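In: 3D, please:
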Amino acid sequence: RMETDCNPMELSNNTGFEGDSGYRDFEGTDVKDMRLEAEAVVNDVLFAVSNMFVSKTLPCAEDVAYINVETRERNRYCLELTEAGLRVVAYDFDQTDDRLQTPYHETVYSLLDSLSPAYREVFGNALLQRLEALKKDSQS
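Out: Residues are numbered from 1 along each chain as shown. Predicted coordinates for the structure are as follows:
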């Protein structure tokens, strides 16, 4: 049975680390729920791609989540999000290919910048518009 609902409270109850006092110190502080992180990534750059959403079929956990993205060039990717960063794990939605050895990117901006010239253009234009708006605000 594949677990699709990622309730971090359920996950922390089944980890088997309850007896490890070193682990307990971290609970609720620095441990990120990667699904929440993935949702934030999607919300950040959705405007600059054709489609992007957190995978509902691949399992997510506290340390990994998967994001499907379709660039404006109509290329599809499945991205893996971990503490190490983001990387392409397949060239279609909801897939992983263990043979793919793609590099990790620290940010979604860097990853999309390398995959999609159209993303770069849309993101750059949005940045310019923000700067123009700030410039107008400071002059008024």
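
In: name the element R72 belongs to?
Out: Per DSSP states H and E: R72 is located in neither a helix nor a strand.

In: Just the pLDDT at the closest residue to it other than its chain neighbours, thanks.
Out: In space, and not counting its chain neighbours, R72 is closest to A118: 3.6 Å by C-beta to C-beta, 6 or more residues apart in numbering. (Glycine included, C-beta is placed from N, CA and C.) You'll see A118 listed with a pLDDT of 97.

In: Ok, D33 next?
Out: 86.

In: do you know how far it is from D63?
Out: 9 Å (C-beta to C-beta, to the nearest Å).

In: repeat for E73
Out: Taken as C-beta to C-beta, the span from E73 to D63 is 31 Å.

In: repeat for T71
Out: Taken as C-beta to C-beta, the span from T71 to D63 is 26 Å.

In: residue ranges with poor pLDDT in this structure?
Out: Within the chain, the ranges that satisfy pLDDT under 70 run 1-32.

In: From the centroid of it, which residue is nearest?
Out: Nearest residue to the geometric centre of the chain (C-alpha atoms, centre = their mean): A38, 3.7 Å.

In: which secondary structure element contains that residue?
Out: If you go by DSSP H and E, A38 is part of helix 34-45.

In: from the chain's centre, how far out does that helix sit?
Out: The chain centre lies 5 Å from the centre of helix 34-45; the measure is C-alpha atoms, centre = their mean, to the nearest Å.

In: Pull up the pairing partners for the helix or strand that it is followed by, direction included.
Out: Using DSSP H and E, the helix or strand that follows helix 34-45 in sequence is strand 51-54. Strand 51-54 has its sheet partners listed here by DSSP bridges as strand 65-70 (antiparallel).

In: After the partner strand, heading C-terminal, what element do we hit next?
Out: Scanning forward in sequence from strand 65-70 by DSSP H and E, the next helix or strand is strand 76-82.

In: and the helix or strand following that next one, what other elements does it pack with?
Out: In the C-terminal direction, the helix or strand that comes right after strand 76-82 (DSSP H and E) is strand 85-90. In terms of contact count using 3 or more C-beta pairs under 8 Å, 6 or more residues apart in numbering; DSSP states H and E, strand 85-90 is assigned the packing partners strand 76-82, helix 108-115.
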